[in-house]
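Asker: Here is a sequence together with a model predicted from it:
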Amino acid sequence: MLKDIIYDEFQHTVSEILLCNRSILDLLAKSQETNARMNRTIIKSVTSCGCLKINAAKKKIPPETSLEELKNLLESHLEGKLCDSCRETLELEMGQTLFYLAAMCNLLDLNMYDILIKEQKKLKALGLFNLA
């Protein structure tokens, strides 16, 4: 399958080019840093650019609501759409997040594709009861 090859190739490329930050401590710190930058990019799309707006309030969920019905009641709280500039910046930050995730997988002898497949199987098995 092509998709598993892409994951494996990405993980191998990360292994080949990672020179600095090979320590697990460095990777953990860089992972947190890239996650923070990714979050900051989303925040700036609201506070600086304005292409997104967050409109959140406490949700009133009727007690007899089923799990299936929750999908229609719960929202993302987002309004608008990422502009091209914010989208490009967010994609860059998400790419860096994936880079450091792959680096940690390499260091811990884990395979990103295998992890993805296991998570997919778990999600399918648990369905709505996963509550992710």
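Answerer: On my side now, so go ahead. Quantities reported herein were computed from a predicted structural model and do not represent experimental measurements.

Asker: Count the neighbours of residue 35 for me.
Answerer: Counted by other Cβ atoms under 10 Å, the residues lying close to residue 35 total 16. All C-beta spots, glycine's among them, are computed from the backbone N, C-alpha and C.

Asker: likewise residue 100?
Answerer: Residues within reach of residue 100, counting by other Cβ under 10 Å, total 22.

Asker: For it, give its distance to residue 85.
Answerer: Distance, residue 100 to residue 85, by Cβ to Cβ, to the nearest Å: 24 Å.

Asker: From the chain's centroid, how far away is the longest helix along the chain?
Answerer: For the chain, the helix with the greatest residue count under DSSP state H is helix 84-107. Per Cα atoms, centre = their mean, to the nearest Å, the displacement of helix 84-107 from the mean C-alpha position of its chain is 9 Å.

Asker: After the lowest-mean-pLDDT helix or strand in the chain, which helix or strand is next?
Answerer: Across the helices and strands of the chain, mean confidence by mean pLDDT, DSSP states H and E is lowest for helix 67-73: a mean of 76. Next in sequence after helix 67-73, counting helices and strands by DSSP states H and E, comes strand 78-80.

Asker: Partner strands of that next one, with direction?
Answerer: Sheet pairing of strand 78-80 (DSSP bridges) gives strand 52-54 (antiparallel).

Asker: What lies in contact with the partner strand?
Answerer: Defining contact as Cβ atoms under 8 Å, 6 or more residues apart in numbering, one finds that strand 52-54 is touched by 42, 45-46, 77-82, 86.
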